[in-house]
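need coordinates for the below:
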Amino acid sequence: MPGPVRYLEDMTAGETIEVGSYTVSEEEILDFARRYDPQPFHLDAEAGKTTHFGGLVASGWHTAGIMMRMMVDEILSPETSLGSPGIDELRWLKPVRPGDTLRLRFTTLEVRRSRSRPEMGTVRQRMEVLNQYDEVVMSMLGIGMVRARTLPEGGSP
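Numbering: from 1, shown residues only. As a prediction, the model looks like this:
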């Protein structure tokens, strides 16, 4: 289900939204690892025990994919989201293990209308993925492009 329709003018620096509840299964950790990140600690609990992780852990890229899904389902609007030119920072802070339940905390840092394309703007945000113990397991500083409702002069975009 897509997020609420929110235009650039509806976003405010300092606003924080928490969404999602997603429990990560061992099966999906293994499937993702086999397909995209086949390192031993993502593929085999026994191999993971011989590492500093002490067991099977999800790929950080898998965690990023889960975060993206929560963002698309509960924050972004198909009517106003215009993609992203990239991210400034991505950190994997704690391992994600089978059975962990994740949620997303999304904090708006800056909202800026584009001078060259006033029908849109950029939103800088901090995304944090938290586990069931309220530990931040992943953080990211991102930039989203968002459609504006009106032009600065008050006309429609």
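
enumerate the positions of the helix or strand where residue 140 lies that are buried.
In this structure, residue 140 sits in strand 136-147 according to DSSP states H and E. Applying a neighbour-count criterion of 16 or more other C-beta atoms under 10 Å, one finds 137, 138, 139, 140, 142, 143, 144, 145, 146, 147 buried in strand 136-147. Glycine gets a C-beta too; all of them are placed from N, C-alpha and C.

do stretch 70-80 as well
Across stretch 70-80, burial judged by 16+ other C-beta under 10 Å covers 70, 71, 74, 75, 76, 77, 80.

that stretch: how far from the chain's middle?
Remark: stretch 70-80 is offset 11 Å from the chain centroid, using C-alpha atoms, centre = their mean, to the nearest Å.

ditto for stretch 6-17
Worked out by C-alpha atoms, centre = their mean, stretch 6-17 lies 16 Å from the chain centre.

what comes into contact with that stretch?
By C-beta atoms under 8 Å, 6 or more residues apart in numbering, the residues outside stretch 6-17 that reach it are 75, 77, 80, 105-111, 113, 120-121, 123, 146-150.

sitting in strands, which of the residues you listed do you find?
Taking DSSP state E, the ones among the contacts of stretch 6-17 that sit in strands are 105-111, 113, 120-121, 123, 146-147.

returning to that earlier point: just the buried ones from the contacts of stretch 6-17, in PyMOL syntax?
PyMOL command restricting the contacts of stretch 6-17 to the buried ones, with burial defined by 16+ other C-beta under 10 Å:
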select buried, resi 75+77+80+105+106+107+108+111+113+120+121+123+146+147+148
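
all helices of the protein, in order?
For the chain, the helices defined by DSSP state H occupy 26-36, 40-43, 45-49, 60-74.
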